[in-house]
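Here is my input; please provide its structure:
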Amino acid sequence: MSLNERPFIHWTEDGAAHCARWISESPAPKQVLIADPAMSADAAYGLACQGIGLLWRGDYHNARQLLTALARRHERRVHVPAHIEAAAFHRYRQARAQRARTLGALLIELDSGYRLGLRRAPDVRRACEEVYGPGAEPCVMSLRTLLGLIGAHEWRRKGIEVPAIGARIHPHYGVFAPIRSEYLDLIAAAPLPALTATFSLAFDIGTGTGVIAALLARRGLAQVIATDVDARALDCARENIRRLGLTGSVQVQARDLFPEGLAALAVCNPPWIPARPSSALEQAIYDPEGRMLHGFLTALPDHLAPGGEGWLVLSDLAEHLGLRSRAQLLQAFDQAGLKILAQHQTRPTHARSADRDDPLHAARAAEVTSLWRLAAQT
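Residues are numbered from 1 along each chain as shown. Next up is the predicted model:
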């Protein structure tokens, strides 16, 4: 949705009516009140829980402190069971969605050039322009959204070191960042299909930042076609491919899953958890009913050249959460007309897998990430 298509929000301040464009991706609040340091955190929390937007007037750092206070009050009211099963996981997700709505009620206003009028406020113009384009009119967003924009801007500016490609990848806002390296290590180590020696074409399905396409090119694939349906991902992948000097071997296309033609290798790292995302930013993690997973598997045989392979990179976290069984996954392979050539496994090394305070710790501690090498049944 372009900025011109986004709704306006309205409020009354000092007896006068005001309005501004709402640019956060969450639904706009229907009622907005003015909040300042005189409002207690308890009062702010009560209003936020009712879905009332709180437009902050005061110091920027005080706004961040209030956001932290709202988060603490929400956590005190949420019970997470020690053992997560499917029903408990869905309750956990509902609680997280409610948390996002509550914390998203704290709002800030920016002028037509994305400048904040709060004391001690940072310069956020560049972070906003990267996501929304040049400013044209005053706007309002949640403070949580703004903090996300600032964090994404820093990642985009500095990049993330990816040892598997020996370079940095620069993620954009709203595009899944390759901060977990174990799945890339699997792709870097798996033996390439023998067919690639004579037919060196690969597909990277759902490319995101373009990191897998870059890795395949670094491994010697002469041509890689990387696809995605998300405009932010396509821009991000193209920028990263240019930065890495790989435009001669990697082509980025706007496609839902597969491009036209056949390949010697097709790689897909779909969202790992078959559940509904609560925001656009979660679509790289949560995929209702595993649409992308099943779409990739179903279409794969028709897009592999004889002797070609499909590589599916998938965590078994959903299995530990009771959202999908191993039998269901194997059945999906068989129904798609695929056979398993090999399964390469690794355990996650990210910090959350060892965080005992994480509500999903039991599942994360047992998690295994696999690279399934698949081929069409003969």
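
Low-confidence stretches in this protein?
Counting by pLDDT under 70, the chain contains low-confidence residues at 1-3, 76-85, 280, 350-359, 361.

Quick check: longest strand in it by residues?
strand 304-315 (DSSP state E).

Give me the distance from it to the chain's centre.
24 Å (Cα atoms, centre = their mean, to the nearest Å).

Stretch 224-243 now?
Taking Cα atoms, centre = their mean, the mean C-alpha location of stretch 224-243 is offset from the chain mean by 15 Å.

now do stretch 249-268
Distance of stretch 249-268 from the chain centroid (Cα atoms, centre = their mean) equals 21 Å.

Straight-line length of that stretch, end to end?
18 Å (Cα to Cα, to the nearest Å).

That one: which residues count as buried?
249-252, 255, 257-259, 263-268 (16 or more other Cβ atoms under 10 Å). Backbone N, C-alpha and C define where each C-beta goes, glycine included.

and if you look at stretch 271-282?
Of the residues in stretch 271-282, 271, 272, 273, 274, 275, 277, 278, 279, 281, 282 count as buried by neighbour count, 16+ other Cβ under 10 Å.

So what touches that stretch?
Contacts to stretch 271-282, defined as Cβ atoms under 8 Å, 6 or more residues apart in numbering, come from residues 25-26, 89-90, 93, 96-97, 100, 148, 174, 283-290, 292-293, 314-315, 317-318, 321, 323-324.

make it 7 Å
25-26, 93, 96-97, 100, 174, 283-290, 292, 314-315, 317-318, 323-324 (Cβ atoms under 7 Å, 6 or more residues apart in numbering).

Buried only: go through those residues for me.
Counted by 16+ other Cβ under 10 Å, those give 25-26, 93, 96, 100, 174, 283-284, 286-287, 290, 292, 314-315, 317-318, 323-324 as buried.

Among the residues you listed, name the ones in helices.
Counting by DSSP state H, the buried ones among the contacts of stretch 271-282 place 93, 96, 100, 292, 317, 318 in helices.

what's the burial count for residue 106?
22 (other Cβ atoms under 10 Å).

hang on, it packs against residue 140?
No. Using Cβ atoms under 7 Å, residue 106 is not in contact with residue 140, being 11.1 Å away.

for the stretch 51-200 of the chain, what spans make up the helices?
Ranges of helices within the stretch 51-200 of the chain are 60-76, 86-103, 125-132, 143-158, 182-189, based on DSSP state H, counting those that start in this stretch.

Dump the ones you listed to a markdown table, plus distance to residue 213.
Shown next, in a markdown table, are these (distance: least, Cβ to Cβ, whole Å):
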| stretch | distance to residue 213 |
| --- | --- |
| helix 60-76 | 37 |
| helix 86-103 | 31 |
| helix 125-132 | 22 |
| helix 143-158 | 18 |
| helix 182-189 | 11 |
